[in-house]
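1. Provided below for reference: sequence and predicted model.
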Amino acid sequence: MSKGVMNHNFQFSIFNFQLLIVTCLLLILFSSCGRDNSSDENLKIFKYNEAAGILTLDPIYAKDLPHIWACNQIYNSLVALDDEMNVVPAVAKSWNISDDGMTYTFILRDDVYFHEDECFGKTTDNGQQTTDIGYAESETIEDKRSHFDKLSDCADEVSATQPLSNSATRRVTAHDFVYSFNRVLDRKLNSSGSWIFSNVNAFEAINDTILKIELSQPFPAFLGILSMTYASVVPKEAVDFYGTEFGRHPVGTGPFKYQYWKEGVKLVFRKNPIYFETVEIVNSDIPNDSTTQQLINSSTQQLPYLDAVSISFIIDKQVAFMEFVKGKFDFMSGIDSRYKDELLTRDGQLREEYKDKINFIRQPYLNTEYLAFFLDENDTLGKERSLALRQAVSYSIDREKMLRYLRNGMGTPGNYGIIPVGLPGNSETENLRNLESENLRNSETQQLSNSTSIGYPYNPKKAEQLLKDNNLLGHELKLYTTQEYIDIAKFVQSALTEVGLNCKVEEMMPAALREKRANGNLPFFRSSWVADYPDAENYLSLFTTGNFTPQGPNYTHYSNARFDALYQKSLTCNDIQERAKIYHEMDSIMMSEAPVVILFYDEVMRFVNKRVEGLGSNPTNLLNLKEVKIN
């Protein structure tokens, strides 16, 4: 037989063998989809919808909630935030901050491992690691994904029940954090999170378990920043192995590991069997009347409890809501105007017909919604008349009525400054703290409240007087907004008309609004700011002179020398209470000049299926699923 014929027959045999393998896989899948899946019913799969979609699972690009929520299941950082916004250990078990606030030293756990993945090689039956870490030479990552996509009809159940691979793993070290942090700063990667390390001079791995970070100047909020998804640890092996596809095949240390992704349809994470966190389980049946009995009665449970997390991508929120009501999804965050009245009463309570199916969780959200003015140096009104106009706009809006009719009472009226309710420095928060600490009598309560409150409560008569005194009656304003907030914009338009202003509303696409806002081309626009970390500095930095757009987030171009000086002072103050006083003074200075009109402080709204247990809530609306159970 000729060599050519032999090669042809050999290739034909390989083709037949590959065809046989694919056929077998299809038969197994179809039989699993068609059979009585009584065993699958015991799977604990948490399901939710993400209408906005997910583009990547690379943590250095996790700039919004859809991406942060997904990445939070896959990755860990040095530290984390609990539901009360306290910084707690994660991969770092302890840390020390130098007296000058310039050096942070972290001691890492030695029992944290990356997800098992072929980027680390494979293990043999006797547990030894092999070095065969590549795909077949003729098969690309896209080929492998294409094959798996053909098996997607039963994605949730099949993905969650597939046997563990024999892929290897390795322990996380301080060197991995140095690599991950430098990756955030790599200009070629263009991470949206590079700013979190703007005050860092150097990262240094002293050894495998000790990491040192040197700052260029003190920054008290830095520890909280390290809890962000941007600061997650990733293995170099995975980034090198998957290359530009790493965001499609993530490898981390989190409670869940990547399993399956069909773009625009389904994303599945599977339980990480080697996750490092545990919880203590206490047997309450035996009295805990001694230390010995306590030790006997307690044990630890490895997290997570869930078998898998399934994320769908239904774009139409109305359709997704109907699926949630049917029980197809376990969780829904926020509320859309199209179904808010179906779920909630006018005063923001869950309607009776849903109380046996849904738990409704609400709490203050570190998100301030506001209108902003661009302070143009060449404003033809002049400084005094321009200030009067901005203050009149603030006084003209009945925020309580706006929330009652447009948001079913959800949110806190924005009668204070930019710092949201709940953060040290907020006017109402400081009032409550002072009242608690000083135990004031009722007669003194009002006096304290009046002396420390800042902002512009509803006062249409004062608004009209300001306009009249400054010859501004009939002045034209154009408010720029997006479709999502058109109802609020029209409410504001009506309020301004009532006090004598001529306000028009112009709807823009979100991307166009962001671009024009960054370039100072919008004189009056709607905006909001969600905290990246639980410190008021996050909000006040929006108004420093050094943060003017387009380089920074100061979209108003507000500038005040006293404000800037206090900002610098706050960076060197490690005492939380003293820093709160500085923040409050800064907020007061800024609000007196009214570059923004505070509309409301948002609330986290979570609607949770009754079968779900352990899903809490937090002021940053972070989705934590590691301790969630499904009954």
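-> Nice, I can see it. Numbers count the residues shown, from 1 in each chain.

2. give me the longest strand you can find in the chain.
-> For the chain, the strand reaching the highest residue count under DSSP state E is reported as strand 358-373.

3. and that one, what does it pack against?
-> The helices and strands touching strand 358-373, judged by 3 or more Cβ pairs under 8 Å, 6 or more residues apart in numbering; DSSP states H and E, are strand 524-530, strand 596-609. For every residue, glycine as well, the C-beta is placed using N, CA and C.

4. what's the angle between the longest one and strand 524-530?
-> Between the axis of strand 596-609 and that of strand 524-530 there is an angle of 50 degrees, by axes from the mean of the first three to the mean of the last three Cα atoms, to 10 degrees.

5. and the very next helix or strand once past strand 596-609, what other elements does it pack with?
-> Tracing the chain past strand 596-609, the next element assigned as helix or strand by DSSP states H and E is strand 612-613. Contact partners of strand 612-613 among helices and strands, from 3+ Cβ pairs under 8 Å, 6+ apart: strand 629-630.

6. one more time with 6 Å, if that's ok
-> Other helices and strands packing on strand 612-613, by 3 or more Cβ pairs under 6 Å, 6 or more residues apart in numbering; DSSP states H and E, are absent; none qualifies.

7. and it, how far out from the chain middle?
-> Computed by Cα atoms, centre = their mean, to the nearest Å, the chain-centroid distance of strand 612-613 equals 21 Å.

8. parallel or antiparallel, list what pairs with it.
-> With DSSP bridges as the test, strand 612-613 is paired with strand 629-630 (antiparallel).

9. and the gap between the residue positioned nearest the centre of the chain and Val421?
-> The geometric centre of the chain, computed from its C-alpha atoms, lies nearest to Leu65 (Cα atoms, centre = their mean), at 3.9 Å. Leu65 sits 20 Å away from Val421 when distances are taken as Cβ to Cβ, to the nearest Å.

10. and for Gly422, nearest residue in space, chain neighbours not counted?
-> Pro364 (4.5 Å; Cβ to Cβ, 6 or more residues apart in numbering).

11. thought that neighbour was touching Asn426?
-> No - checked against Cβ atoms under 6 Å, the pair Pro364 and Asn426 is beyond contact range at 9.7 Å.

12. who has more neighbours out of the two?
-> Comparing Pro364 with Asn426 by neighbour count (other Cβ atoms under 10 Å), the higher total belongs to Asn426, at 28 against 19.

13. now do the contacts for the more buried one.
-> The contact partners of Asn426, taken as Cβ atoms under 6 Å, 6 or more residues apart in numbering, are Ile419.

14. about what we covered before: report pLDDT for the residue nearest to the centre of the chain.
-> Looking at Leu65, its pLDDT stands at 90.

15. how about it: what's its closest non-neighbour residue?
-> Nearest residue to Leu65 in three dimensions, chain neighbours excluded: Asn621, at 6.5 Å (Cβ to Cβ, 6+ apart).

16. tell me the spacing between the one you found and Ala392.
-> Looking at Asn621 against Ala392, where the rule is Cβ to Cβ, the gap reads 34 Å.

17. looking at the two, which one has more neighbours?
-> Each of Asn621 and Ala392 has its neighbours counted (other Cβ under 10 Å); Ala392 has more, 29 against 22.

18. report the secondary structure state of the more buried one.
-> Classification of Ala392 using DSSP: H, G, I helix; E, B strand; the rest coil returns helix.

19. show me where the stretch 201-350 of the chain has helices.
-> 222-225, 236-242, 291-297, 317-325, 340-343 (DSSP state H, counting those that start in this stretch).

20. can you check the stretch 401-550 of the chain too?
-> Taking DSSP H, counting those that start in this stretch as the criterion, the stretch 401-550 of the chain carries its helices at 427-438, 442-452, 460-469, 486-498, 510-518, 537-540.

21. pretty sure Cys71 is touching Pro59, no?
-> Yes - Cys71 is in contact with Pro59 according to Cβ under 6 Å; the separation is 4.9 Å.

22. mind listing the shared neighbours of these two?
-> Shared contacts of Cys71 and Pro59, counting by Cβ under 6 Å, 6+ apart, come down to Thr229.

23. more crowded one of these two?
-> With other Cβ under 10 Å as the criterion, Cys71 and Pro59 differ in neighbour count, and Pro59 comes out ahead with 29 against 24.

24. domains for this protein, by residue range?
-> Partitioning the chain according to automatic domain parsing yields domains covering residues 56-146+163-257, 365-604.

25. run the chain-centre distance for the longest one.
-> The reference is to domain 365-604. Its chain's C-alpha centre lies 23 Å from the corresponding centre of domain 365-604 when counted by Cα atoms, centre = their mean.

26. can you measure across that domain, start residue to end residue?
-> Domain 365-604 has its terminal residues 5 Å apart, counting by Cα to Cα, to the nearest Å.

27. hang on, Glu384 in a helix?
-> Yes - when three-state DSSP is applied, Glu384 is found to be in a helix.

28. pull the number of nearby residues for the closest residue to it other than its chain neighbours.
-> Of all residues not flanking Glu384 in the chain, Asn470 sits nearest, at 7.2 Å (Cβ to Cβ, 6+ apart). When neighbours are counted by other Cβ under 10 Å, Asn470 registers 19.

29. with Pro460 as the reference, measure out to Asn470.
-> As for Asn470, its distance to Pro460 is 16 Å (criterion: Cβ to Cβ).

30. for Asp376, same thing?
-> When distance is defined by Cβ to Cβ, Asp376 is 27 Å away from Pro460.

31. which of those two has more neighbours?
-> With other Cβ under 10 Å as the criterion, Asp376 and Pro460 differ in neighbour count, and Pro460 comes out ahead with 16 against 12.

32. quick one, what contacts the more buried one?
-> Residues in contact with Pro460, defined by Cβ under 6 Å, 6+ apart, are 396, 499.

33. let's see 10 Å
-> 392, 395-398, 495, 498-500 (Cβ atoms under 10 Å, 6 or more residues apart in numbering).

34. got any ranges where the stretch 351-500 of the chain has weak pLDDT?
-> For the stretch 351-500 of the chain, applying pLDDT under 70 flags the ranges 428-453.

35. 80 instead?
-> Segments of the stretch 351-500 of the chain classed as low confidence (criterion: pLDDT under 80) are 427-453.

36. ditto for the chain
-> Judged against pLDDT under 80, the low-scoring parts of the chain cover residues 1-41, 122-167, 282-298, 427-453, 551-552, 574.

37. if we can go back for a sec, overlap in contacts of Pro364 and Asn426?
-> Among the neighbours of Pro364, those also in contact with Asn426 (Cβ under 10 Å, 6+ apart) are 412, 420, 601.

38. now for the last one, how many residues are close by?
-> Other residues lying near Tyr601 total 26 when counted by other Cβ under 10 Å.
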